[in-house]
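Chemist: Quick one: sequence and predicted model below, then my questions.
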Amino acid sequence: MLVACLGGFIIPVPASAPDVSVLVTQQPAQPSVKQLEKLARSIAVKIRSKDALGSGILIRKQGNVYTVVTNEHVLLGGDPPYRIETPDGKIHPAVKIQTNYLKGNDLGLLQFRSDNTDYAVAVFGPAPGPGEPVFAAGFPYAEATSVPAISASDKQGFVFKSGQVSLVLDKPLQRGYRIGYTNDVEKGMSGGPLLNRRGQVVAVNGIHAEPILDNAYVFQDGSQPSASLREQMRRYSWGIPIETFVQLVPSKLTATESRGLEVKQCVFPTDCQQP
C-alpha cells in the first residue's frame with residue numbers, strides 16, 4: 001500500500017521520558033467542516049503555568065506519554081512547572097523537552113503522562129499553497145472572542161476559524177514563519193494547529209495580524225522585505241510549516257545521539273512503501 005509518510009524519527013529526551021517519533025500519513029477523504037472542528041478540538045491543548053500561556057498540538061503517543069508541540073514564545077511566557085489542559089478538561093503536569101534541534105525556530109516541545117485516557121494525535125500534511133482553505137484552532141486568552149468563528153467559544157475558550165492561505169514565502173522569516181493566512185489568529189492561539197481541508201496539520205499558529213511591532217518581518221538570512229511586501233504581511237496571520245518541524249529533528253541526529261535507535265525517513269510528502 002502506498003502512503004505519504006515520514007517514518008518515525010527520534011528526538012532524544014531525558015532518560016525519564018520516551019523517545020518521540022512522528023508518522024505522517026495521507027487521509028483519502030475530505031471531512032466536513034464540523035468534522036474538522038471536532039478533529040481540531042481533539043488534538044488542541046491549552047498550555048498553562050500559573051496562568052494560561054497559549055495553545056499546543058498533540059503530536060505523539062508512546063505508551064502513556066504524550067508529546068505536544070507549541071511555540072517557544074508560549075513557553076517563555078511563563079515559568080515552569082508547566083501544565084497541559086487536554087480536550088476533556090483534565091490538567092496534566094508537563095515537562096519541557098530540552099533540545100537544540102529547534103533553535104532558531106519558534107517551536108518547543110512538552111511531554112506529559114496519562115494513564116487513564118487515550119487522546120487523539122495529529123496527522124501531518126504538506127505545506128499548503130496560496131488560495132487553499134485552512135482552519136486555525138486554539139485558545140484565545142479571553143473566554144469569549146469578539147471575532148466570528150465557525151463555532152462559538154465554549155467554556156474552555158476553544159475557537160475554530162476558517163480562512164485561506166494568502167502568502168507562502170520563498171524563504172522563512174526569523175523564527176521559521178513562512179505561511180501567511182487570513183484566519184484571524186488571536187493572542188493565546190499561538191502554538192495551536194492550522195489544518196488543511198483533509199484534516200492534516202500543516203502549520204503551527206504563531207503571529208497574529210497587525211502586530212504592534214514590525215520586528216517579526218525580517219528573513220532568517222537577515223534581509224528585509226520591501227515596504228509593500230511588509231505592509232501585505234501585516235494583514236495576515238503567520239504560521240510555521242509543520243514540514244519545518246519534521247525536517248529539523250532528523251537532520252540534527254548524530255550517531256552518538258541516535259545510538260541504538262533506527263531512524264527511517266521518506267521524502268516528505270512524496271509516497272513511499274509502507275512495510
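Modeler: Thanks, I have the structure now.
Chemist: how would you label residue 240: helix, strand or coil?
Modeler: strand (DSSP: H, G, I helix; E, B strand; the rest coil).
Chemist: And for the one 4 residues further on?
Modeler: Under the three-state scheme (three-state DSSP), residue 244 adopts helix.
Chemist: okay, now it: neighbour count?
Modeler: Neighbour count for residue 244, taken as other C-beta atoms under 10 Å: 20. The way it works is simple: take the backbone N, C-alpha and C, and place the C-beta from them, glycine included.
Chemist: For the protein, which segments count as helices?
Modeler: 33-43, 72-76, 227-234, 242-251 (DSSP state H).
Chemist: Switch these over to TSV; also include mean pLDDT and distance to residue 89.
Modeler: Listed next are the helices of the chain as TSV, based on pLDDT from 0 to 100; distance: least, C-beta to C-beta, whole Å:
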stretch	mean pLDDT	distance to residue 89
helix 33-43	96	12
helix 72-76	95	20
helix 227-234	93	36
helix 242-251	83	26
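Chemist: Out of these, the one nearest residue 98 is which?
Modeler: Among the helices of the chain, the nearest to residue 98 by C-beta to C-beta is helix 72-76 (11.3 Å).
Chemist: Surely residue 65 touches residue 113?
Modeler: Yes: using C-beta atoms under 8 Å, residue 65 makes contact with residue 113 at a distance of 5.5 Å.
Chemist: quick one, which of these two is more surrounded?
Modeler: Set side by side, residue 65 and residue 113 show more neighbours around residue 65, with 18 against 15, by other C-beta under 10 Å.
Chemist: which residues does that one bridge with?
Modeler: For residue 65, the beta-bridge partners are residue 62, residue 113 (DSSP bridges).
Chemist: so how far is residue 245 from it?
Modeler: 18 Å (C-beta to C-beta, to the nearest Å).
Chemist: how about the helices of the chain, which one is nearest residue 163?
Modeler: Across the helices of the chain, closest to residue 163 is helix 33-43 (C-beta to C-beta), at 12.5 Å.
Chemist: buried set for that closest one?
Modeler: In terms of neighbour count (16 or more other C-beta atoms under 10 Å), helix 33-43 has its buried residues at 36, 37, 38, 39, 40, 41, 42, 43.
Chemist: swap in stretch 100-113?
Modeler: 101, 102, 105, 106, 107, 108, 109, 110, 111, 112.
Chemist: What is the burial count for residue 51?
Modeler: Around residue 51 there are 8 residues (other C-beta under 10 Å).
Chemist: residues touching it, list them.
Modeler: When contacts are counted by C-beta atoms under 8 Å, 6 or more residues apart in numbering, residue 51 touches residue 78.
Chemist: Residue 171 contacts residue 218, doesn't it?
Modeler: No: using C-beta under 8 Å, residue 171 is not in contact with residue 218; the gap is 11.2 Å.
Chemist: more crowded one of these two?
Modeler: Between residue 171 and residue 218, counted using other C-beta under 10 Å, residue 218 has the larger neighbour count: 15 against 9.
Chemist: Same list as before, the buried residues of helix 33-43 that is, but in JSON lines and with distance to residue 128 included.
Modeler: Listed next are the buried residues of helix 33-43 as JSON lines, based on distance: C-beta to C-beta, whole Å:
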{"residue": "36", "distance to residue 128": "14"}
{"residue": "37", "distance to residue 128": "18"}
{"residue": "38", "distance to residue 128": "21"}
{"residue": "39", "distance to residue 128": "16"}
{"residue": "40", "distance to residue 128": "15"}
{"residue": "41", "distance to residue 128": "21"}
{"residue": "42", "distance to residue 128": "21"}
{"residue": "43", "distance to residue 128": "18"}
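Chemist: Since that was my last question, I'll sign off now.
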